[in-house]
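Colleague: With the sequence up front, the predicted model follows.
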Amino acid sequence: MRRRHILAAALTAPAIAKAQNTYPDRPVRFIVPFPPGGGTDTWARITSEGMQPEFGQPIVIENRGGAGGLVGTEYAAKVAPDGYQLLFTITTHIQSPVVLRRFPYDPIEDFAPIGRLGSSNVVFVVGPKVPAEITTMPDFLRWAAGRDLSFGSYASGSTGHAFALMFAEEAKFRMEHVAYRGETPMLQDMLSGSIHGGFHSMAAAGEMVHARRVRPLGASGAARIPSLPDVPTMTELGFSARFSFSGFSGLLAPVRTPQPILAKLTDTFRIAANKPETLQRLRRIDTIPGYLDPAEFRVFLQKTLADWTAITNALDLRMDS
């Protein structure tokens, strides 16, 4: 029996080596754990378009939204580790399992980091349910006093969800939280007047902001969003340093992906992330380019998990999925 196993391994080893040497010889898929049209989808498409010329193969975006990103991420953790299905994700990769008390995957140990693309802040915007004359945060706080408000988030347990709770807590107003399966349906409801506002990425909401269909009142992060120089940060407006937390976007592979394939992915991602056209496209949607290599990205993910667990505990931000 043991001899048969050894013989089988010896026979399959050349085939595996050949597959690794010819990778990729067919299209590669990026699994995006949110619907089309949101920030994650946008960053994934920018990355895929930068990597395709280096690969010589198409990269297909496969959107698998649901449960704050858990559905697509759990799927990505269990696919064959052959380099043909990869996870393009954001901060909810860390956040959702902590908040939902569900760990269908280990956000650190079940994945091999390929690279971080960049970081981004979110902006608090309001829609037509808030009177048109409300154009600044002080105006909004005066108007909101004593009212029942509804804020949306693109996923339960996300940065947008936490910031909405922190905002309501620090501003001392009543808020109903409405969770969506991504930014696009949340924006649609805001524009229709179903909810008052919420925290959005500029990658998804930037076009609506610049078209003045929604109004930006404050932004997260340590510095103002470049394309919105007149919109103060939440900390400038007197809110706590908790609002300086920033999100990320990046690419991961299943943990057992062979090292030669990971090396090819790492090199290709690094080249794509640093192309002038990639940097230009990221800055155009107010994403801060910030490439990290696999080792740096792993350390970053570990720190983000620790930071988010602390924020979650402080807010008692836990819910049953």
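Modeller: Happy to help now that I have it.
Colleague: Need the contact partners of stretch 187-197.
Modeller: Stretch 187-197 is contacted from outside by 124-130, 149-152, 178, 180, 186, 198, 200, 204-205, 208, 213-214, 217, using C-beta atoms under 8 Å, 6 or more residues apart in numbering. Using the backbone N, CA and C atoms, a C-beta is placed for each residue, glycine as well.
Colleague: Buried ones only from these, please, as a PyMOL command.
Modeller: Applying 16 or more other C-beta atoms under 10 Å to the contacts of stretch 187-197, the buried members can be selected in PyMOL as follows:
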select buried, resi 124+125+126+127+129+130+149+150+151+152+178+180+186+198+200+204+205+208+214+217
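Colleague: what about the closest residue to Ala223 other than its chain neighbours, distance to Gly250?
Modeller: Once flanking residues are discounted, Ala223 sits nearest to Thr233: 7.0 Å by C-beta to C-beta, 6 or more residues apart in numbering. To Gly250, Thr233 is 24 Å away according to C-beta to C-beta, to the nearest Å.
Colleague: on that earlier part again, counting neighbours, what do you get for the residue nearest to Ala223?
Modeller: Other residues near Thr233 come to 19 when the count uses other C-beta atoms under 10 Å.
Colleague: From what I see, Gly221 and Asn121 are in contact.
Modeller: Yes - here Gly221 reaches Asn121: they are 3.4 Å apart, a contact under C-beta atoms under 8 Å.
Colleague: what touches both of the two?
Modeller: In contact with both Gly221 and Asn121: Ser246, using C-beta under 8 Å, 6+ apart.
Colleague: So if I had to pick from the two, which one is more boxed in?
Modeller: Remark: of Gly221 and Asn121, Asn121 carries more neighbours, 25 against 21, as counted by other C-beta under 10 Å.
Colleague: Which residues are in contact with the more buried one?
Modeller: Counting by C-beta under 8 Å, 6+ apart, Asn121 makes contact with Met202, Ala219, Ser220, Gly221, Ile225, Ser246, Gly247, Asp286.
Colleague: now do Ser201
Modeller: The contact partners of Ser201, taken as C-beta under 8 Å, 6+ apart, are Gly38, Gly39, Ser120, Val122, Val123, Glu183, Gly247.
Colleague: Which members of the residues you listed occur in strands, if any?
Modeller: Ser120, Val122, Val123, Gly247 (DSSP state E).
Colleague: pLDDT score for the second one?
Modeller: The predicted local distance difference test score for Val122 is 92.
Colleague: Help me confirm that it comes into contact with Ala204.
Modeller: No - using C-beta under 8 Å, Val122 is not in contact with Ala204; the gap is 9.7 Å.
Colleague: First-to-last residue distance for stretch 231-246?
Modeller: Using C-alpha to C-alpha, to the nearest Å, one end of stretch 231-246 lies 17 Å from the other.
Colleague: Pull the distance from that stretch to the chain's centre.
Modeller: Between the centre of stretch 231-246 and the centre of its chain there are 20 Å (C-alpha atoms, centre = their mean, to the nearest Å).
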